[in-house]
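Asker: take a look and give me a structure for this.
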Amino acid sequence: METSKPHVGLLPLPGMGHLIPYLGLGKLFATHHNFKITIFLVSIDHSSQTESKTIISEMSNELCNIVQLPPVDITSLVDPNATIGVRLPVTMREIVPAFRSSIATIMPCPTVLITDIFGTDAFSVADEFDMLKYVFVSLHAWFLALTIYTPILDKEVKGEYVHQKEPLKIPGCASVRVEDLFDPLLDWTNQQYDEYMRAGIRLRMSDGVLVNSWEELQPKTFAALRDDKLLGCVLKSPVYPVGPVVTQSDDSSKSGLLFDWLNKQPNDSVVYVSFGSGATLSHEQMTELAFGLELSKQRFVWVVRAPTEKSGDKAYLKGRSGDENHDQFGYLPKGFMSRIQNVGFVISDWVSQVDILSHPSIGAFISHCGWNSTLESILNGVPIIAFPLFAEQKMNATMLTEEFGMAVRLEVLPSNKVVGREEIQNKVRKIMVDKEGHGIRDRVNELKYSAEKALCKGGSSYRALSELAKSFEARMQLQNE
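Answerer: Numbering: from 1, shown residues only. Got it, this is the predicted structure:
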């Protein structure tokens with residue numbers, strides 16, 4: 001008689017950027033270990049629900065059971081202008097009753113619950129149904145280190161972080177410069193600071209932490225997270241580097257006008273420009289970017305979204321592609337579209353980013369440095385021009401340039417100031433034309449090889465996932481005895 005396999009329940013945050021790595025993780029457990037996978041979808045608004053359905057329809061979900069949890073109304077709990085740093089954790093707390101009701105109807109019940117740092121309130125449901133409790137940090141080890149150490153910094157650092165003259169020190173890890181801190185840490189009086197602090201404390205209640213990175217990429221940070229004399233005494237739970245977990249390219253989807261155009265371009269000759277599924281630029285910044293691309297005299301593909309007056313976390317999920325007006329490019333400089341018709345391709349519809357990055361014509365990526373985009377860039381050997389906008393992206397940009405050596409960074413932070421056309425022109429040419437760009441391209445190809453090796457059978461991430469799988473199977477065996 002064949003032994004039954006563990007059932008893993010995944011509870012990601014709302015939004016495409018959070019859902020993609022969870023789908024990838026579920027597929028790894030399903031294909032490598034034949035586990036049953038259920039993904040519980042949470043919506044923060046109608047658009048995020050539509051977005052989730054879009055990405056699921058684009059990706060084969062035959063290996064995963066998808067459960068859409070009923071939406072929750074948080075309007076009475078948060079300010080109408082609350083940032084995503086408040087809306088997400090409040091939504092995840094309020095979804096717990098619906099999650100419990102859903103779990104109660106599933107037979108057999110999941111053996112394991114894996115959720116995000118803001119989803120740990122669902123641990124109460126896991127305890128009730130005798131499930132293992134894990135957190136999947138879909139970002140990197142440095143972010144995890146800062147998250148678990150923030151409650152200690154809160155006690156040690158006198159005064160607001162933004163007023164500190166020295167970087168914030170994390171035992172055994174790179175320090176975090178004040179200018180690289182993300183919004184939840186910038187104002188102690190804001191609710192999102194309390195939410196982030198709470199996440200750092202509750203994360204320690206898990207049976208283990210999965211990280212969307214790999215051992216060889218961040219060896220010093222992973223060592224600190226395991227060392228009882230450093231961060232290990234804070235976290236206490238085992239850490240599993242299982243990345244890079246990303247969407248795989250589907251060659252069958254590489255059709256249409258965009259890919260017809262890309263197919264005609266020389267290898268490594270096109271700059272891809274995109275700022276993720278939720279970010280937007282101001283009208284002034286969009287104008288400078290357009291002129292900067294034009295002045296660089298390099299081929300480019302630009303995924304544009306309607307501009308917004310807000311910036312940073314306040315703009316997240318506020319502007320999207322597929323705007324109601326059909327004059328999608330009316331906000332670009334006058335005459336821009338006609339002037340660049342032979343060298344540029346501008347689109348506003350949703351497009352598979354990994355399919356673009358995997359195309360041989362792509363030679364650089366102007367990116368907001370979201371972690372999904374960064375991993376996709378590494379796996380396709382594409383260097384980055386760092387354009388961080390919100391969340392942990394400033395930390396990411398610093399790490400990509402100073403530690404990994406796979407990116408160039410702008411002289412000013414786009415989240416603080418408009419980046420001028422001359423600087424955009426210079427940075428594009430630095431990667432695409434100047435000699436320095438060759439060294440950066442070599443470095444990202446080294447990281448690509450390292451990532452591929454980690455995922456292969458016998459590699460560090462493959463072994464970490466196998467170790468996890470054995471612990472899940474051991475729990476199920478105990479339950480069946």
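Asker: show the end-to-end separation of stretch 117-131, please.
Answerer: 17 Å (C-alpha to C-alpha, to the nearest Å).
Asker: where does pLDDT dip in this protein?
Answerer: The model of the chain has pLDDT under 70 over residues 1-3, 45-62, 249-253, 309-328, 481.
Asker: strands along that one, start to end?
Answerer: Remark: strands assigned in the chain by DSSP state E are 7-11, 36-41, 64-68, 112-115, 132-137, 208-211, 239-241, 270-274, 299-303, 344-347, 362-367, 384-386, 407-409.
Asker: now for those, which one comes closest to residue 474?
Answerer: In terms of C-beta to C-beta, the element of these nearest to residue 474 is strand 132-137, at 9.8 Å. In short, each C-beta sits where N, CA and C put it, glycine included.
Asker: which strands or helices does that closest one pack on?
Answerer: helix 16-33, strand 112-115, helix 123-128, helix 141-156, strand 208-211, helix 460-480 (3 or more C-beta pairs under 8 Å, 6 or more residues apart in numbering; DSSP states H and E).
Asker: for the residue lying closest to residue 188 once chain neighbours are set aside, what are its contacts?
Answerer: Among residues not flanking residue 188 along the chain, residue 160 sits closest, at 5.8 Å (C-beta to C-beta, 6 or more residues apart in numbering). Residues in contact with residue 160 (C-beta atoms under 8 Å, 6 or more residues apart in numbering) are 186-188.
Asker: distance of residue 160 relative to residue 370?
Answerer: 26 Å (C-beta to C-beta, to the nearest Å).
Asker: what of residue 254?
Answerer: 22 Å.
Asker: the more surrounded of these two?
Answerer: Using other C-beta atoms under 10 Å, the more surrounded residue of residue 254 and residue 370 is residue 370, with 24 against 17.
Asker: test my guess that residue 72 contacts residue 98.
Answerer: Yes. Using C-beta atoms under 8 Å, residue 72 makes contact with residue 98 at a distance of 6.9 Å.
Asker: which of these two has more neighbours?
Answerer: residue 72 (19 against 16).
Asker: which non-adjacent residue is nearest that one?
Answerer: residue 94 (4.2 Å).
Asker: same deal with residue 461?
Answerer: residue 454 (4.2 Å).
Asker: list the contacts for that neighbour?
Answerer: Going by C-beta under 8 Å, 6+ apart, residue 454 touches 214-217, 241, 243-244, 460-462.
Asker: now with 6 Å?
Answerer: Going by C-beta atoms under 6 Å, 6 or more residues apart in numbering, residue 454 touches 214, 460-461.
Asker: most surrounded residue in those residues?
Answerer: Busiest of those [other C-beta under 10 Å] is residue 214, holding 28 neighbours.
Asker: could you report the distance from the residue nearest to residue 384 when sequence neighbours are not counted to residue 352?
Answerer: Computed as C-beta to C-beta, 6+ apart, the closest residue to residue 384 that is not its neighbour in sequence is residue 407, at 3.9 Å. Plainly put, residue 407 is 22 Å away from residue 352 if you go by C-beta to C-beta.
Asker: returning to that earlier point: quick one: buried ones out of the contacts of residue 160?
Answerer: The neighbour-count criterion (16 or more other C-beta atoms under 10 Å) marks residue 186 among the contacts of residue 160 as buried.
Asker: a markdown table for the contacts of residue 160, including distance to residue 87?
Answerer: Formatted as a markdown table, the contacts of residue 160 follow (distance: C-beta to C-beta, whole Å):
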| residue | distance to residue 87 |
| --- | --- |
| 186 | 17 |
| 187 | 16 |
| 188 | 19 |
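Asker: nearest to residue 15, of the contacts of residue 160?
Answerer: Out of the contacts of residue 160, the member with the shortest distance to residue 15 (by C-beta to C-beta) is residue 186, at 21.6 Å.
Asker: how about the closest one, what does it touch?
Answerer: residue 162 are the contacts of residue 186 under C-beta under 6 Å, 6+ apart.
Asker: mind listing the helices for the stretch 301-450 of the chain?
Answerer: 336-339, 353-357, 371-379, 393-398, 421-432, 436-455 (DSSP state H, counting those that start in this stretch).
Asker: the fifth one vs strand 362-367, what angle?
Answerer: Looking back up the chat, that one is helix 421-432. 140 degrees (axes from the mean of the first three to the mean of the last three C-alpha atoms, to 10 degrees).
Asker: and helix 421-432, how far from the chain's centre?
Answerer: Distance of helix 421-432 from the chain centroid (C-alpha atoms, centre = their mean, to the nearest Å) equals 25 Å.
Asker: in it, which residues are buried?
Answerer: Neighbour-count burial for helix 421-432 [16+ other C-beta under 10 Å]: 421, 424-428, 430-432.
Asker: so which of the residues you listed is the closest to residue 390?
Answerer: Of all these, residue 390 sits closest to residue 424, with 19.0 Å by C-beta to C-beta.
Asker: the nearest residue to the closest one once chain neighbours are set aside: what's it in contact with?
Answerer: Closest residue in space to residue 424, ignoring its immediate chain neighbours: residue 292 at 2.7 Å, by C-beta to C-beta, 6+ apart. Contacts of residue 292 were listed using C-beta under 6 Å, 6+ apart, and they are 421, 424-425.
Asker: now, among those, which is nearest to residue 19?
Answerer: Nearest member of these to residue 19, counting by C-beta to C-beta, is residue 424, at 30.8 Å.
Asker: quick check: the closest one vs residue 410, distance?
Answerer: 8 Å.
Asker: and residue 102, by the same measure?
Answerer: 45 Å.
Asker: before we move on, back to that, possible to save the strands of the chain as JSON lines with mean neighbour count and distance to residue 332?
Answerer: As requested, these are exported to JSON lines (neighbours: other C-beta atoms under 10 Å; distance: least, C-beta to C-beta, whole Å):
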{"stretch": "strand 7-11", "mean neighbour count": "26", "distance to residue 332": "39"}
{"stretch": "strand 36-41", "mean neighbour count": "22", "distance to residue 332": "35"}
{"stretch": "strand 64-68", "mean neighbour count": "17", "distance to residue 332": "37"}
{"stretch": "strand 112-115", "mean neighbour count": "26", "distance to residue 332": "41"}
{"stretch": "strand 132-137", "mean neighbour count": "24", "distance to residue 332": "37"}
{"stretch": "strand 208-211", "mean neighbour count": "24", "distance to residue 332": "39"}
{"stretch": "strand 239-241", "mean neighbour count": "23", "distance to residue 332": "42"}
{"stretch": "strand 270-274", "mean neighbour count": "24", "distance to residue 332": "12"}
{"stretch": "strand 299-303", "mean neighbour count": "22", "distance to residue 332": "9"}
{"stretch": "strand 344-347", "mean neighbour count": "19", "distance to residue 332": "7"}
{"stretch": "strand 362-367", "mean neighbour count": "26", "distance to residue 332": "16"}
{"stretch": "strand 384-386", "mean neighbour count": "26", "distance to residue 332": "20"}
{"stretch": "strand 407-409", "mean neighbour count": "23", "distance to residue 332": "25"}
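Asker: would you turn those into a markdown table with distance to residue 29?
Answerer: Formatted as a markdown table, these follow (distance: least, C-beta to C-beta, whole Å):
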| stretch | distance to residue 29 |
| --- | --- |
| strand 7-11 | 5 |
| strand 36-41 | 6 |
| strand 64-68 | 9 |
| strand 112-115 | 9 |
| strand 132-137 | 11 |
| strand 208-211 | 11 |
| strand 239-241 | 12 |
| strand 270-274 | 29 |
| strand 299-303 | 31 |
| strand 344-347 | 34 |
| strand 362-367 | 29 |
| strand 384-386 | 30 |
| strand 407-409 | 31 |
